[in-house]
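> curious how this folds, go ahead:
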Amino acid sequence: MSKKFFKRKNHNKKIIFIVEDMEVYAKSLKTFLQYRFPDIDEIKIFRIGEMCLMEMERNPVIVIMDYFLNSKYEEAYNGLEIIKRIKVQKPRTHIVVLSVQQNFNIILESIKQYNCIYIQKDEDAFTKIEQFISEIINSESAPAYELWN
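Below is the predicted model:
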């Protein structure tokens with residue numbers, strides 16, 4: 001059988017989305033991740049979750065999302081609503097809820113129902129995100145193949 005019969009899918013492209021309405025915080029996190037993970041192909045920032053949803057076909061490996069996305073943009077969906085929509089579109093996407101949210105019921109709903117990780121937005125948040133991303137990147141399986149069309 002010819003090697004041309006199989007075509008390697010481009011699932012190895014590593015993309016991270018950051019959904020955060022605080023511009024300085026988002027840029028700081030992006031810079032931190034670029035420094036810690038130079039092999040990440042792209043890290044993209046969105047100020048509202050709706051914009052992130054429009055680009056989910058790009059298959060980000062991880063979405064890091066603030067819960068209170070509607071604090072600056074009152075008509076924007078909150079983080080939980082965006083998580084629900086991401087999981088409908090791309091159920092295998094890893095999601096980190098990064099927030100100062102202290103309502104335990106919301107945290108539990110995000111973690112249990114939508115298989116998310118919750119990280120408290122504090123002085124250790126970037127380090128915890130780094131650990132989570134390392135685990136995800138290191139656990140990725142071998143490349144997938146599809147039949148040549």
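> and Tyr25, which of the three is it?
Applying DSSP: H, G, I helix; E, B strand; the rest coil to Tyr25 yields a three-state assignment of helix.
> run a quick neighbour tally on it.
Neighbour count of Tyr25, defined by other CB atoms under 10 Å: 16. C-beta here means a position set from N, CA and C on the backbone, and glycine is covered the same way.
> do you know how far it is from Thr93?
Going from Tyr25 to Thr93 by CB to CB, to the nearest Å gives 21 Å.
> do the same with Asn59
Counting by CB to CB, the gap from Asn59 to Thr93 is 8 Å.
> and Lys121, by the same measure?
21 Å.
> can you name the residues bridging to the nearest residue to Val19 once chain neighbours are set aside?
Setting aside the residues directly before and after it, Val19 is nearest to Met65 in space (CB to CB, 6 or more residues apart in numbering), at 4.3 Å. With DSSP bridges as the criterion, Met65 is bridged to Val19, Val97.
> could you give the number of residues near Met65?
The burial count for Met65: 26, using other CB under 10 Å.
> for it, what are its contacts?
By CB atoms under 8 Å, 6 or more residues apart in numbering, Met65 lies in contact with Ile18, Val19, Glu20, Gly49, Cys52, Gly79, Ile82, Ile83, Ile95, Val96, Val97, Leu98.
> cutoff 7 Å now
Val19, Gly49, Gly79, Ile82, Ile83, Ile95, Val96, Val97, Leu98 (CB atoms under 7 Å, 6 or more residues apart in numbering).
> and the least confident of those?
Among these, Gly79 carries the lowest pLDDT, at 81.
> got a list of what the residue lying closest to it once chain neighbours are set aside touches?
Excluding its sequence neighbours, the residue lying closest to Gly79 (CB to CB, 6+ apart) is Tyr67, at 3.8 Å. Tyr67 sits next to Asn78, Gly79, Leu80, Val97, Ser99, Gln101 when contact means CB under 7 Å, 6+ apart.
> okay, and Ile136 sits in which element?
When elements are assigned from DSSP states H and E, Ile136 belongs to helix 125-139.
> what's the residue nearest to the spatial centre of the chain sitting at in phi/psi?
Residue closest to the average C-alpha location in the chain (CA atoms, centre = their mean): Val63, at 0.9 Å. The phi and psi values for Val63, taken as degrees, to the nearest 10, are phi -120, psi 120.
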